[in-house]
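> Got a predicted structure here, sequence first:
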Amino acid sequence: MNEKLIRTFLAAELPSDKKEHMIRIQEHMKRKLAGFRWVRPEGIHLTLKFFGYIGTADIVRIEEIIRRHTEKASPMAFMLSEVGGFPSLTHPRVIWVGLEGDIEHLRQLQKNIETDLGNKGFPREKKKFSPHLTLARVKSPGGKIDGLEDSLKGIRKFRTRSFNVAELVLFKSDLAPDGAVHTALARFPMGGTSR
């Protein structure tokens, strides 16, 4: 019998008021631009690692590794700031919102988890970790999006009040016609405390 594979990723959740801020940016851009697939509010996460399809035995091993690192980590504080694009706002594939705050702390935690996972045989991420929250993906990447920078005037640079990230979550991601549905498989509190 074949083992069922589960599409998974590791992320931090965003408080509802910060998701509301992201929705307001999306609504502003939707009025002025076409050609994007907008991320649904429930799908906005700060992703640290995308695993793809893995088996249940691998999930147990992954949980042990993540728990080992989050137990030693402290909660982190962030603010949402500026809208940007990968690889650039001139020719984007992805439109994102950036973060300020405990970025180096987050990068170190992600690097430690990534290294430990790699040492246990899980594929390493080829790209450097760049903390961001995805707003939209371009439907037809490669071309210039006319009016994109104009649509961001007045909203591109900003700074919200800070919010805390006190846990990471391992999510199951089920693909559906109207967007992926994410379900928490395990939660990993910073410092090992439960909430």
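Thanks, I have the structure now. Numbering: from 1, shown residues only.
> the helices in the protein, which residues?
Secondary structure of the chain by DSSP state H: the helices cover 16-32, 56-70, 103-119, 148-151.
> tell me what the second one is packed against?
Same thing as helix 56-70. Helix 56-70 is packed against strand 6-12, strand 46-54, helix 103-119, strand 167-174, strand 181-189, with contacts defined by 3 or more CB pairs under 8 Å, 6 or more residues apart in numbering; DSSP states H and E. In short, each C-beta sits where N, CA and C put it, glycine included.
> export these to TSV and tack on distance to Leu80?
TSV is the format used below for the helices and strands packed on helix 56-70 (distance: least, CB to CB, whole Å):
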stretch	distance to Leu80
strand 6-12	13
strand 46-54	10
helix 103-119	13
strand 167-174	19
strand 181-189	20
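> Next, the contact list for His21, please.
By CB atoms under 8 Å, 6 or more residues apart in numbering, the contact set of His21 is 80, 160.
> Name the residues of stretch 127-143 that come out as buried.
Buried positions in stretch 127-143, judged by neighbour count with 16 or more other CB atoms under 10 Å: 131-138.
> and that stretch, how far from the chain's centre?
Offset of stretch 127-143 from its chain centre (CA atoms, centre = their mean, to the nearest Å): 11 Å.
> Then stretch 106-119?
On the basis of CA atoms, centre = their mean, stretch 106-119 is displaced by 16 Å from the centre of the chain it belongs to.
> got it, and stretch 133-145?
Worked out by CA atoms, centre = their mean, stretch 133-145 lies 16 Å from the chain centre.
> Now tell me what touches it from outside.
With CB under 8 Å, 6+ apart as the criterion, stretch 133-145 contacts 14, 22, 25-26, 29, 33, 35-39, 44-46, 80, 83, 90-99.
> if we can go back for a sec, and Leu185, which of the helices of the chain is closest to it?
helix 56-70 (6.7 Å; CB to CB).
> Now the closest one: average pLDDT?
Computed over helix 56-70, the mean pLDDT rounds to 96.
> Name the residues of that helix that come out as buried.
By neighbour count with 16+ other CB under 10 Å, helix 56-70 contains the buried residues 58-59, 62, 65-67, 69-70.
> Please render these as a markdown table that adds distance to His182 to the earlier fields.
Listed next are the buried residues of helix 56-70 as a markdown table, based on distance: CB to CB, whole Å:
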| residue | distance to His182 |
| --- | --- |
| Asp58 | 18 |
| Ile59 | 15 |
| Ile62 | 16 |
| Ile65 | 21 |
| Ile66 | 17 |
| Arg67 | 20 |
| His69 | 22 |
| Thr70 | 19 |
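> Nearest to Phe51, out of those residues: which one, please.
Using CB to CB, those come closest to Phe51 at Ile62, 7.0 Å.
> Is it correct that the closest one is in contact with Leu117?
Yes. Counting by CB atoms under 8 Å, a contact exists between Ile62 and Leu117, whose distance comes to 6.9 Å.
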